[in-house]
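**Q** okay, predicted coordinates and the sequence, questions at the end:
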Amino acid sequence: VPLVPEISLQVADEAVPLWQKTEEDLATDGLPPPFWAFAWAGGQALARHVLDHPELVAGKRVLDLGSGSGLVAIAAAMSGAAHVLACDPDDFALAAMEVNAALNGVVVTMSAKDVLDGDAPEREVVLVGDLFYERDLAARVVAFLDRCRAGGAGVLIGDPGRSYLPKDRLVAVADYAVPVTRELEDAEIKRTRVWRFA
Ligand SMILES: C[S@@+](CC[C@H](N)C(=O)[O-])C[C@H]1O[C@@H](n2cnc3c(N)ncnc32)[C@H](O)[C@@H]1O
């Protein structure tokens, strides 16, 4: 992972061919894009931040929301979190996380349950890497994070400024220049911030 060389992930070089091949092999269509096969800019920045500031998660119960490859969850586990729950409704993400957690020698609990419309989980820290790319999803994430805050959790978000990032709710805490792939982004380096959800 370019910004996080301590962590290795199994990732793809190309998004669309992987997506098409998965649909062909399963004789299905309508699968979501293979988000799980890449280390997104927001996740890279957030993983870097957590590894450089382990006190944010050490000894705490952590939720990684929209875990994808598991990058942020792995960073939290490596930083000494007491327990890490990685949530992603895509079953392929869970399979990727399992491979990637083992590759990095950490234990992460995984769930494909969509937690967004439920009660806030009992977690002291909620981490969100690159989850503000769709309007409806972003609105649900904000409502969920409000409940997490009300329940006493601290919320950190890594995001390169996606369209539905709720900037009016955020306080910037760190700035990173994240190397990314042209396969996903319009630039080779994405300026990406870590934000506190206020
Ligand atoms: C752009 S990827 C980011 C993955 C990872 N956090 C990173 O930064 O590399 C967004 C992820 O959010 C997941 N996602 C979509 N809807 C979700 C939901 N309702 N709850 C949790 N995760 C969701 C997707 O399946 C995808 O894996």
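**A** Everything's here; your move.

**Q** pull out the buried positions in stretch 76-94.
**A** Judged by neighbour count (16 or more other Cβ atoms under 10 Å), stretch 76-94 contains these buried residues: 76-79, 81, 83-88, 90, 92-94. C-beta coordinates here come from the backbone N, C-alpha and C atoms, glycine included.

**Q** can you check stretch 139-151 too?
**A** 141, 142, 144, 145, 148, 149.

**Q** stretch 99-117 too?
**A** So, applying 16+ other Cβ under 10 Å, buried residues of stretch 99-117: 100, 101, 104, 106, 108, 110, 115, 116.

**Q** returning to what we had before: what's the closest of the buried residues of stretch 139-151 to residue 120?
**A** Residue 120 lies nearest to residue 148 out of the buried residues of stretch 139-151, by Cβ to Cβ, at 4.5 Å.

**Q** quickly find the element holding that closest one.
**A** Per DSSP states H and E, residue 148 falls inside helix 135-150.

**Q** who's in contact with whatever residue of the chain ends up closest to the ligand?
**A** Using Cβ to the nearest ligand atom, residue 43 is the residue of the chain that sits closest to the ligand, at 2.1 Å. By Cβ atoms under 8 Å, 6 or more residues apart in numbering, the residues touching residue 43 are 68, 69, 71, 72, 129, 130, 158.

**Q** quick one: is the helix-or-strand element of the chain with minimal mean pLDDT near the ligand?
**A** Counting by mean pLDDT, DSSP states H and E, the chain has its least confident helix or strand at helix 16-25, which shows a mean of 94. No. Using Cβ under 6 Å from any ligand atom, no contact is recorded between helix 16-25 and the ligand, whose separation bottoms out at 12.8 Å.
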